[in-house]
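Q: Predicted model and sequence follow; I will ask about them next.
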Protein chains: 2
Amino acid sequence: MGGKGPADVGITVRKGDNFSEWYTQAVVKSGLADYAPVKGAIVLRPDGYSVWESVRKALDGRLSRRGVRNGFLPVLIPESLLKREGEHFAGFDPEVFWVTRAGGSEVGDRLALRPTSEALAYSMYSKWIKSWRDLPLRMNFWNTALRAEIKATKPFLRTSEFLWQEGHTAHAGREEAEAEAEAMLDVYREVSEEVLAVPVVAGRKSDAEKFVGAVYTSAIEAVMPDGKALQMGTSHFLGQNFSKAFDVRFLDRSNAERFAWQTSWGVSWRLIGAMVMVHGDDKGLVLPPRVAPVQAVLVPIYYSGEDRRAVVEAAEGAAALLEEGGVRVHVDSREEVTPGFKFHDWEMRGVPLRIEVGPRDVRSGTAAVARRTGGAKEDVPLGDMSRVGEMLEEIQAGMLEAARKRHAELSSSASTYGEIRGAAEGGGGLISAPWCGSPECERKVKDGAGAEIRVIPRGAAGEASGGEACAVCGGRARHRPVFARGY
Amino acid sequence: MGGKGPADVGITVRKGDNFSEWYTQAVVKSGLADYAPVKGAIVLRPDGYSVWESVRKALDGRLSRRGVRNGFLPVLIPESLLKREGEHFAGFDPEVFWVTRAGGSEVGDRLALRPTSEALAYSMYSKWIKSWRDLPLRMNFWNTALRAEIKATKPFLRTSEFLWQEGHTAHAGREEAEAEAEAMLDVYREVSEEVLAVPVVAGRKSDAEKFVGAVYTSAIEAVMPDGKALQMGTSHFLGQNFSKAFDVRFLDRSNAERFAWQTSWGVSWRLIGAMVMVHGDDKGLVLPPRVAPVQAVLVPIYYSGEDRRAVVEAAEGAAALLEEGGVRVHVDSREEVTPGFKFHDWEMRGVPLRIEVGPRDVRSGTAAVARRTGGAKEDVPLGDMSRVGEMLEEIQAGMLEAARKRHAELSSSASTYGEIRGAAEGGGGLISAPWCGSPECERKVKDGAGAEIRVIPRGAAGEASGGEACAVCGGRARHRPVFARGY
């Protein structure tokens, strides 16, 4: 029957040898994504889109319980509107794609392709919000954002167009808005950890790293196996900066006119990139069961036509049981490739469980179940597949646990500038160090050691203790931010 | 508590008096959509997006059963790529939005905003398809398409950006591809009729009206209450036109190189526009239960604080029962507006069932259920809401039946050019008439009577009988197309 051997289609570099090349191969060869003809743009193939749909579903359920409803905003934003919040515009201007022609005609007011939708959303909110009765207004938009990337692009991590969601809320009071922004950060942390099994540090960005136009930005940050930090999601408290620029006013209960307090927040398909990097191995992807397009693949194994029928029938029977139990399952009955080829193929694609059904299994009434994450195979009765659901739960939990362990190994403490620099230039990772809070000290670490303040962790972890001195200037430390080189 | 009265917020024109103004008010005042700051662009508010999500869900289930999987394509397409199928490009060129600048720099190869994705999809398919084993390839993309509209724009019907899905398939053989295109037309017909309760005529477009680049186009067409036809979805058999232009080749089982046979097909949020027009009435929207964001609204009615508690409790208990039964339900416990205001509000928004719970109902253990489509109220036990699910099914079926009746009333036959013209200039509607098949006769009817060939119905309905003469030239008739003025 021919067909290509695993050597031709498998991943040709080790994760530990050339992480960057490994990542690209893991993404492209596994069939998650591919490069589009426009610089820095990618296409999602079915498995990649399916992972994104699982993320979307997990988030949609959580948003809906918080009273957030989805809507749609167009991608084109008039330049005049985008300019209304000056600081915001200046921040995005260098990377905006501009439409200047429509058909044969010049466009008068140039049209920006949405780099983010604050301007457009709030120009609508200004029409929709009249009274305290219209608040809080909580909407979310599943769309793409477009930013012309000057830096080197990388699938999922830095692309000129990316799938994301952006939430935009308006509230009557400051405290309610601040609580909303914090609550969304928790939602993101939960999705990252519980769905994608990627542990994160949640906290606040420094002023230098906040979203342009926000009062402050909170974020979740993860650490990748190469020691670089990856921003996984952000939640912005916008104060009244945008409501004043876009005239989002309401009459309060005493009939006084007030500006709304606002938040915006988003996660993108970066989450998928993080999942690939954190969990993948030399063989390819390792998908957390909650987002795996196929959670269990059944491979019928036979060497004679005689056996074939019984084996395929048994595999299909088991698959039907699994489907009934809510497991996403696939029977690989391809005849033109060998079982060995199939094993490699599904390993590369990261399917959590492989269920082998051979003639001996049919006779014993069991099947051998192998975990993508390793360990001994388990025999499971062909007539009762309930153990498979349990195994998927165990894998999901085990992947998070293993990732937490690596996260801890990639985290360190420093108390001097030299130590920060040594760590950043060595293995990298998340470096917790005391800081006085001054932009000068922050800049010194960024320029000199290549490490930015990624996040000031919430609670005690982000606070400097009484007598601690700033690692940079020796002055009184106020915070204990996480410094790291970043993507 | 004040608040606006129904007179201020309700629809101020009758559907029969000023259909166009009625439509806009029904869409905007009900909260489905609103105008965006860019000409011809609209924003979807939560109810509008929720209807679209229901359509998406209905279609996704059907696509998945057909082996179609979702993916993602970027919105930017290089001009050089778009030009590769010349006829296709020429067709779309007059309405393409062009990106010419990114940040501060000029873009070399101009970037088109996707008017449709054949060019981009097939340039990817050309990479992914190598052998007969890779076929059939069936993918679908939920995204937006952008077309600079020169004609008058209208929410959902003609907008510069619109939500849609576009499916793209590649097959080894011509017959398989043709069958695929036909099967998709059936899927669209089913979704339009069974989900949105909008009856359609399915068939083939004339050569003059086909998709640029297709061998032929099939379509479903509905008739709106103003007698104009609305194209609800199209399915194109592309032959090898695009596979040759974009080099989509495969090795067949005998190792010979062949070009793939292709189809593409799509429906857009036009379906929502049709639903509004076909079912709405003077009070506003009438939503088919299968897509209604809220299927049943519970309105607690009380005049004293004493009654309030018992009534709200009963309403919430009933709502919990309904939710358990899978009904999308909302309890309107607003205190600042009257029950009368709420009735009007939910009528305008088209909610299929209103469940009134007053003190007398609590005592009798029942609630009064009113249908948005009219008729007597029904008493339903507060402790057993199963009747509500049945009523929703009855409403769904009743709406389709009523729409079929109006569709039949708006359909007529003609056997001469004068009759076609008379019908088109009179009440309009779908005019079935014999046609010889010549583009000249087709053009004469379009130019002279303003009626295009919308569709040549499938089967006997679209065939001319033996002795029939072309309504225009008197020559031998080959088909019985449907002529109509269109949107």
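A: On my side now, so go ahead.

Q: okay, CA-based contacts and neighbour counts for the rest of this
A: OK.

Q: surely A:Leu82 meets A:Gly91?
A: No. With contact defined as C-alpha atoms under 8 Å, A:Leu82 does not count as touching A:Gly91 (11.2 Å).

Q: Could you check which of those two has the larger neighbour count?
A: Taking other C-alpha atoms under 10 Å in any protein chain shown, A:Leu82 and A:Gly91 do not tie; A:Leu82 has more neighbours (24 against 13).

Q: looking at chain A, which helix or strand is least sure?
A: helix A:6-9 (a mean of 56; mean pLDDT, DSSP states H and E).

Q: By residue count, which helix of chain A is the longest?
A: Using DSSP state H to define each element, chain A has its longest helix at helix A:386-409.

Q: Give me the contacts around whichever helix or strand comes after that helix.
A: Downstream of helix A:386-409, the first helix or strand assigned by DSSP states H and E is strand A:411-413. Contact partners of strand A:411-413, identified using C-alpha atoms under 8 Å, 6 or more residues apart in numbering or on different chains, comprise A:Gly429, A:Leu430, A:Ile431, A:Ser432, A:Ala433.

Q: In TSV: those, plus distance to chain B and pLDDT.
A: Conversion of these to TSV gives the following (distance: C-alpha to the nearest C-alpha, whole Å; pLDDT from 0 to 100):
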residue	distance to chain B	pLDDT
A:Gly429	33	97
A:Leu430	33	98
A:Ile431	34	98
A:Ser432	36	98
A:Ala433	36	98
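
Q: hmm, back to that, what's the first helix or strand after the least confident helix or strand of chain A?
A: As assigned by DSSP H and E, the chain's next helix or strand after helix A:6-9 is helix A:19-29.

Q: which other helices and strands contact that following helix?
A: strand A:33-35, helix A:270-279 (3 or more C-alpha pairs under 8 Å, 6 or more residues apart in numbering or on different chains; DSSP states H and E).

Q: Could I have the CA atoms of it written out in PDB?
A: Only the C-alpha atoms of helix A:19-29 are listed here, as PDB (Å, rounded to 0.1, in the frame of the first residue of the first chain):
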ATOM      1  CA  PHE A  19      13.200  24.400  21.000                       C
ATOM      2  CA  SER A  20      12.100  27.000  18.400                       C
ATOM      3  CA  GLU A  21      12.300  24.600  15.400                       C
ATOM      4  CA  TRP A  22      10.700  21.800  17.500                       C
ATOM      5  CA  TYR A  23       7.800  24.100  18.200                       C
ATOM      6  CA  THR A  24       7.200  25.000  14.600                       C
ATOM      7  CA  GLN A  25       7.300  21.300  13.600                       C
ATOM      8  CA  ALA A  26       5.000  20.300  16.400                       C
ATOM      9  CA  VAL A  27       2.500  22.900  15.300                       C
ATOM     10  CA  VAL A  28       2.700  22.300  11.600                       C
ATOM     11  CA  LYS A  29       3.400  18.600  11.300                       C
END
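
Q: re the thing from before, minimum distance to B:Phe246: which of the helices and strands packed on helix A:19-29 has it?
A: strand A:33-35 (16.2 Å; C-alpha to C-alpha).

Q: What strands flank that closest one, and is each parallel or antiparallel?
A: Strands that pair with strand A:33-35, judged by DSSP bridges, come out as strand A:42-44 (antiparallel).

Q: Name the residues that touch the partner strand?
A: Against strand A:42-44 from outside (C-alpha under 8 Å, 6+ apart): A:Leu32, A:Ala33, A:Asp34, A:Tyr35, A:Ala36, A:Pro155, A:Thr159, A:Glu161, B:Gly71, B:Phe72, B:Leu73, B:Pro74.

Q: Mind putting the residues you listed into TSV with neighbour count, pLDDT and distance to A:Ala177?
A: Compiled in TSV, the contacts of strand A:42-44 are given as follows (neighbours: other C-alpha atoms under 10 Å in any protein chain shown; pLDDT from 0 to 100; distance: C-alpha to C-alpha, whole Å):
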residue	neighbour count	pLDDT	distance to A:Ala177
A:Leu32	23	98	37
A:Ala33	23	98	37
A:Asp34	22	98	39
A:Tyr35	15	97	39
A:Ala36	19	96	39
A:Pro155	25	97	34
A:Thr159	22	96	31
A:Glu161	25	97	29
B:Gly71	23	98	35
B:Phe72	20	98	34
B:Leu73	22	98	35
B:Pro74	24	98	34
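
Q: Looking at these, spot the one nearest A:Lys444.
A: Looking across the contacts of strand A:42-44 and measuring by C-alpha to C-alpha, the closest to A:Lys444 is A:Thr159, at 28.9 Å.

Q: Help me confirm that that closest one comes into contact with A:Val38.
A: No. The criterion here is C-alpha under 8 Å, and A:Thr159 misses it with A:Val38 at 10.1 Å.

Q: which residues of the stretch 251-400 of chain A fall in helices?
A: Assigned by DSSP state H, counting those that start in this stretch, the helices in the stretch 251-400 of chain A fall at A:270-279, A:305-324, A:339-348, A:359-364, A:386-409.

Q: for those, which one sits closest to B:Thr12?
A: From the helices of the stretch 251-400 of chain A, taking C-alpha to C-alpha, the stretch that ends up closest is helix A:270-279, at 48.0 Å.

Q: For the closest one, which outside residues touch it?
A: Here helix A:270-279 makes contact (C-alpha under 8 Å, 6+ apart) with A:23, A:26-27, A:51-52, A:155-157, A:192, A:196-198, A:222, A:224-225, A:230, A:232, A:285-287, A:399, A:403.

Q: Close to chain B: what parts of chain A are there?
A: Contact residues (C-alpha under 8 Å from any C-alpha of the partner chain) of chain A with chain B: A:36-38, A:41-46, A:48-50, A:69-74, A:76-78, A:93-104, A:120, A:124, A:139, A:148, A:161.

Q: Please indicate which of the residues you listed are buried?
A: Neighbour counting over the residues of chain A next to chain B (16 or more other C-alpha atoms under 10 Å in any protein chain shown) leaves A:36-38, A:41-46, A:48-50, A:69-74, A:76-78, A:93-103, A:120, A:124, A:139, A:148, A:161 as the buried ones.

Q: Angles on the backbone of the residue nearest to A:Val472 when sequence neighbours are not counted, please.
A: Using C-alpha to C-alpha, 6 or more residues apart in numbering or on different chains and skipping residues adjacent in sequence, the residue nearest A:Val472 is A:Tyr417, 5.1 Å away. Main-chain torsions, A:Tyr417, degrees, to the nearest 10: phi -60, psi -40.

Q: What of A:Gly48?
A: Torsion angles, degrees, to the nearest 10, at A:Gly48: phi -60, psi -40.

Q: Pretty sure it sits against A:Ala33.
A: Yes. A:Gly48 is in contact with A:Ala33 according to C-alpha under 8 Å; the separation is 6.1 Å.

Q: what do those two both touch?
A: With C-alpha under 8 Å, 6+ apart, A:Gly48 and A:Ala33 have no common neighbours.

Q: returning to what we had before: so what pLDDT did the residue nearest to A:Val472 get?
A: pLDDT for A:Tyr417: 97.

Q: and if you look at A:Tyr303?
A: So A:Tyr303 comes in at 86 (pLDDT).

Q: re the thing from before, give me the subset of the buried ones among the residues of chain A next to chain B that lies in helices.
A: Per DSSP H, those map to helices at A:Pro46, A:Gly48, A:Tyr49, A:Ser50, A:Leu120, A:Met124.
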